[in-house]
Every structure is written in structure tokens, then in C-alpha cells.
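Asks: Sharing a model prediction with you, sequence too.
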Amino acid sequence: MKLNDLIPNVAKKNRKRVGRGISAGQGKTAGRGTKGQNSRSGTGGRLYRQGGNLPFFRRLPFVRGKGFTPPTEVEFNEVNLDQLSSFNANAEITPETLDQAHLIRDPRNPVALMGRGELKNALKVRVDRVTKSARAKIEAAGGTVELIG
């Protein structure tokens, strides 16, 4: 046996070379038929095109971007207790001091204090909203919580 005697285990089928003359069997129209959108070169029309019908996405109700946002919805700046560990004992924590420490994203929005992490220093906290666990941890450390707004 020689290398040129080796053949693959599975039958190997040559690909069809279309548009290479009439004797090749797939010449002239190259299997695309005559006329019409699919016989032409280029893309097959734009995405979601449905002939003369109104496209599906235009039949749906009008939606802006990521859905409906209620006009009265309030977005809070969320701050966790573990972020307050850098403050000294008996420091007064207000939205202004949190903004100066770069802990809140938008100073125009109210601040909500969340209960993740532990607190060792006694702090005087004045924010718009506090969770029950955060209030319990602050008071256990000897601090006070006051709601503003």
C-alpha cells in the first residue's frame, strides 16, 4: 500500500461549482431560477421586510428604548455600611459629606442607606431612607440615625 492508495473512510463529495458554463449543469442562472428577488446578487432585502405587509415591529405598540418609566419614580443613591468605614468616630454623615467622599452618583437624588457590611465607629447619620438592618447596626455601634426630607 502506498500513500496515493489511501482513500477517506466516508465518501467525499465535491462541491457544486455554479455559474461555470452550460456543460457544467449549473450554468446561466446557476440554480437560482429566472428573475425575482432571489435571482439577484446582493442581500435578500432588509431585516423584517414582509413584502407589502406592515412589518411586525411596526404593528407593535410604540415603546421608547427600554420600556415605560413612571414619571413619579424616584431613583436613590444606595450607600452600604461597609462604605462608611473610612469615616472617623462621631462624624456626621449627610448627603453632602457622601458627595464629597465620592460615594454617591448623583447628588440631586435622595440617599438610601443599606445594611451590607459591619460598622465599628459610632456615626451620626442623616439620610433620606434607611433599612431596618442598617439602623440596627448603626445603633448597636453607638451611633444615631435621623431621616431628612
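Replies: Here it is on my side, so go on.
Asks: residue contacts, Arg126?
Replies: By Cβ atoms under 8 Å, 6 or more residues apart in numbering, the residues touching Arg126 are Glu92, Ile93, Thr94, Pro95, Glu146, Leu147, Ile148. Backbone N, C-alpha and C define where each C-beta goes, glycine included.
Asks: after the helix-or-strand element of the chain with minimal mean pLDDT comes which helix or strand?
Replies: Using mean pLDDT, DSSP states H and E, the weakest-scoring helix or strand in the chain turns out to be helix 56-59, at a mean of 82. Counting by DSSP states H and E, the next helix or strand C-terminal to helix 56-59 is strand 77-80.
Asks: Grab the longest helix from the protein for me.
Replies: Longest helix in the chain, counting residues (DSSP state H): helix 132-140.
Asks: Pull out the buried residues from that helix.
Replies: Ala134, Arg135, Lys137, Ile138 (16 or more other Cβ atoms under 10 Å).
Asks: in its sheet, what does the helix or strand following it sit against?
Replies: As assigned by DSSP H and E, the chain's next helix or strand after helix 132-140 is strand 144-147. Note on strand 144-147: by DSSP bridges, its sheet partners are strand 124-127 (parallel).
Asks: Buried ones in the strand it pairs with, by neighbour count?
Replies: Buried-residue list, strand 124-127, by 16+ other Cβ under 10 Å: Val125, Arg126, Val127.
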